[in-house]
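**Student:** Here is a sequence with its predicted model. Questions after.
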Amino acid sequence: MRITVIGTGYVGLVTATCLAESGNHVFGIDKDEAKIQILLNNGLPIYEPGLLEMVQKNRREERLKFGTDLEAAIRQTKLVFLAVGTPQSDTGDADLRGIWAVGEAVGRILNKLQAEGDTSKRILIIKSTVPVGTNRELTERMKAMGCTLFEVASNPEFLKEGAAIDDFMKPDRVVVGVRSHETAEILRELYAPFLRTERPFLVMTPESAEMTKYAANAMLATKISFINEMANLCDRLGADINDVRRGMGHDVRIGFQFLFPGAGYGGSCFPKDVRAVMAMGRKMELPLPMVEAVDQVNEAQKQVLPTKIRQHFGDSLAGKFIAIWGLAFKPRTDDIREAPSLVLIESLLAAGCKLRVHDPEALNNVKQIYGDQLIYCDRPYGALEGADALVIVTEWQEFRNPDFEVMRRLMRNSVIFDGRNLYEPRQMESLGFTYYGIGRGRSK
Ligand code: NAD
């Protein structure tokens, strides 16, 4: 099939590349010329494991093209994916200006093509996460422009940054919201190569598809906030959340996934999607106390590391050298949107600390915010030199088994605040560290 993907960010670029990988001809279109230029120069504007090689391969084989010319792409394609950003607006709901702008641009192009005698129907497929009713409103807006030969489908994306290619190539399920059987069948054919292992292709209304994405993310965020709340209680009561977590997870009704306590969830999805659900509830005048609590607990959780640090150092925090390992909102990505590390950095800078920070992929993104306020270290051990404490915020694989002897030699004070429970408190104490985890029952 011939496909246009509008937006070449984390979702659009992966979508375009994986669709090309399965034999389709795909145009990746973005309004950001700098991004397109990087792609045309055989680079990647983001970090995502395995993506660069796949982009380069599909460009070489001429199935994947990039550009800024939406009209040229739509002339040659029947399927048009919308993968533009839908960030949080000032009022907490999803900012849909990108979706409307694309809808208007596509509408103008469709009208022009129709006037030229092109009578083929286009399917616009919303991949972005959008509030319930967006599909309908986009359809109405385009109809109001005089467009007739189109349908808008909803096809929310469930990929995870850091494992995006695998998630797209082998999804747990594909959800499509359509208004016609014909469109469902076209999408079924498109996704067939990705569902060979009997993964389900779920057809529903656009409204249900839009809601599915939010309900799934709200559920995942709920699990995180729940275990964080239990961890904080463990800290007060002297129980170890890691034992508790294991004791819970063996119950098959509960399971282990997404029950790891930490420094709060971040990223470009959970925070804004939970708030978009809250906004939908407000609009419908329906109280959603559970979802609101998930957000509140998470905001408070981002303060847990700063609080432990303040409690440890007391009045002597100003002027301390603090090392931070991990800035991205999670491992295997360079994405720092809403990352707990940013809350920590703000708090420690305000307290007068000097910060030496390390992250395998996200240093450049953090540098764009903090410039010379921080010391950026390419290597984890480099950040430790003379440090009064180490704070671990992101669980990159390479932080799991460091050389503790070397760490102790490099640090001025052997204090670790482990926001991801990478180490065992007893072992750390026997190695001579003062160690604080999350919910390990040893908090002062
Ligand atoms: P992103 O910000 O990385 O990418 C969006 C891209 O769209 C940018 O490159 C931007 O320049 C481009 N764009 C915006 N307006 C445009 C226009 N008018 N024409 C052409 N290009 C335009 O965002 P993302 O993380 O890829 O997220 C995209 C959507 O997918 C969001 O709705 C998000 O909630 C959803 N989503 C994201 C993830 C994720 O892990 N990032 C997972 C599932 C769903």
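**Tutor:** Yep, it's here.
**Student:** burial measure for Gln311, as a count.
**Tutor:** By the criterion of other C-beta atoms under 10 Å, Gln311 has 12 neighbours. For glycine as for every other residue, the C-beta is placed from the backbone atoms N, C-alpha and C.
**Student:** SS state for it?
**Tutor:** helix (DSSP: H, G, I helix; E, B strand; the rest coil).
**Student:** repeat for Ala73
**Tutor:** Ala73 ends up helix, using three-state DSSP.
**Student:** residue ranges with poor pLDDT in the stretch 301-444 of the chain?
**Tutor:** Residues of the stretch 301-444 of the chain meeting the criterion pLDDT under 70: 442-444.
**Student:** Next up, the contacts around whichever residue of it sits closest to the ligand.
**Tutor:** Per C-beta to the nearest ligand atom, Asp335 is where the stretch 301-444 of the chain lies closest to the ligand, at 7.1 Å. By C-beta atoms under 8 Å, 6 or more residues apart in numbering, the residues touching Asp335 are 10, 46, 161, 267-268, 328-329, 362, 365.
**Student:** how close does the closest residue to the ligand within the stretch 1-150 of the chain sit to Tyr423?
**Tutor:** Nearest to the ligand, among the residues of the stretch 1-150 of the chain, is Gly9, at 1.8 Å (C-beta to the nearest ligand atom). The gap separating Gly9 from Tyr423 is 35 Å, by C-beta to C-beta, to the nearest Å.
**Student:** so what's the backbone phi/psi at the closest residue to the residue of the stretch 1-150 of the chain closest to the ligand other than its chain neighbours?
**Tutor:** The spatially closest residue to Gly9, leaving aside those adjacent along the chain, is Gly85, at 6.3 Å (C-beta to C-beta, 6 or more residues apart in numbering). For Gly85, the backbone dihedrals are phi -70, psi 150 (criterion: degrees, to the nearest 10).
**Student:** so Gly85 sits right up against Gly98, yeah?
**Tutor:** Yes: judged on C-beta atoms under 8 Å, Gly85 makes contact with Gly98 at a distance of 5.7 Å.
**Student:** Spell out which residues are contacts of both of the two.
**Tutor:** By C-beta under 8 Å, 6+ apart, the residues touching both Gly85 and Gly98 are 7, 128.
**Student:** among the contacts of Asp335, which are in helices?
**Tutor:** Using DSSP state H, the members of those that fall in helices are 10, 365.
**Student:** tell me which parts of the stretch 1-150 of the chain are close to the ligand?
**Tutor:** 6-12, 29-32, 35, 83-86, 98, 101-102, 128-129 (C-beta under 6 Å from any ligand atom).
**Student:** if you set the cut-off to 8 Å instead, what comes out?
**Tutor:** 6-13, 29-32, 35, 45-46, 68, 70, 83-87, 94, 98, 101-102, 105, 127-130 (C-beta under 8 Å from any ligand atom).
**Student:** Is it possible to mark the buried ones in those residues?
**Tutor:** 6-13, 29-31, 35, 45-46, 70, 83-86, 94, 98, 102, 105, 127-130 (16 or more other C-beta atoms under 10 Å).
**Student:** got the contact list for the residue of the stretch 1-150 of the chain closest to the ligand?
**Tutor:** Counted by C-beta under 8 Å, 6+ apart, Gly9 has contacts 30, 46, 83-85.
**Student:** Over to Ile123?
**Tutor:** 78-80, 150-153, 183, 186-187.
**Student:** Over to Arg199?
**Tutor:** 170-174.
**Student:** at 6 Å what do you get?
**Tutor:** Arg173 (C-beta atoms under 6 Å, 6 or more residues apart in numbering).
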